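Student: just to be clear, the model below is a prediction. Sequence and coordinates:
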Amino acid sequence: MVLLKQSPDKDKVQEQYNQLWDNLLNINEQKATKIIKKANKGVLSKRERLKIIARPLKTHLIWIIPLSALAVAILLYVIFIWVALLVE
């Protein structure tokens, strides 16, 4: 694979880019932003894509919610067993 800047087809790709840019100027801003973000993700390396995917997992809230749900489930189970023993 040859880099684009060393490619003999560089002018064709540049022309396609200019045509795409002209098309982007004529559409909705949100849609254009979405298209550009998708294109940027395609250019990124695997490591950089993995960082973007894992970014939401770095927040504490993502870990607190499942852990608290698990704690509530265990607590309800213990209460259920305790009540069952009292009733018996």
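Tutor: Great, that's in hand.
Student: switch to C-alpha atoms for all contacts and neighbour counts from now on
Tutor: Fine.
Student: which strands and helices sit next to the helix or strand of the chain with the lowest mean pLDDT?
Tutor: The weakest-scoring helix or strand in the chain, judged by mean pLDDT, DSSP states H and E, is helix 46-54 (a mean of 83). With contacts taken as 3 or more C-alpha pairs under 8 Å, 6 or more residues apart in numbering; DSSP states H and E, helix 46-54 sits against no other helix or strand.
Student: for that helix, give me every contacting residue.
Tutor: Applying C-alpha atoms under 8 Å, 6 or more residues apart in numbering, the contact partners of helix 46-54 are K41.
Student: for the following helix or strand past that helix, name the packing helices and strands.
Tutor: For helix 46-54, the following helix or strand on the C-terminal side (DSSP states H and E) is helix 60-87. Here helix 60-87 touches no other helix or strand, going by 3+ C-alpha pairs under 8 Å, 6+ apart.
Student: element containing V2?
Tutor: Here V2 sits in a region with no helix or strand, counting by DSSP H and E.
Student: let me know the pLDDT of it.
Tutor: Listed pLDDT for V2 reads 81.
Student: count of neighbours near it?
Tutor: A total of 7 residues lie near V2 under the criterion other C-alpha atoms under 10 Å.
Student: what are the phi and psi angles of it?
Tutor: phi -100, psi 150 (degrees, to the nearest 10).
Student: K10 versus that one, what's the distance?
Tutor: Plainly put, V2 is 11 Å away from K10 if you go by C-alpha to C-alpha, to the nearest Å.
Student: over to L61?
Tutor: On the measure of C-alpha to C-alpha, L61 and K10 end up 47 Å apart.
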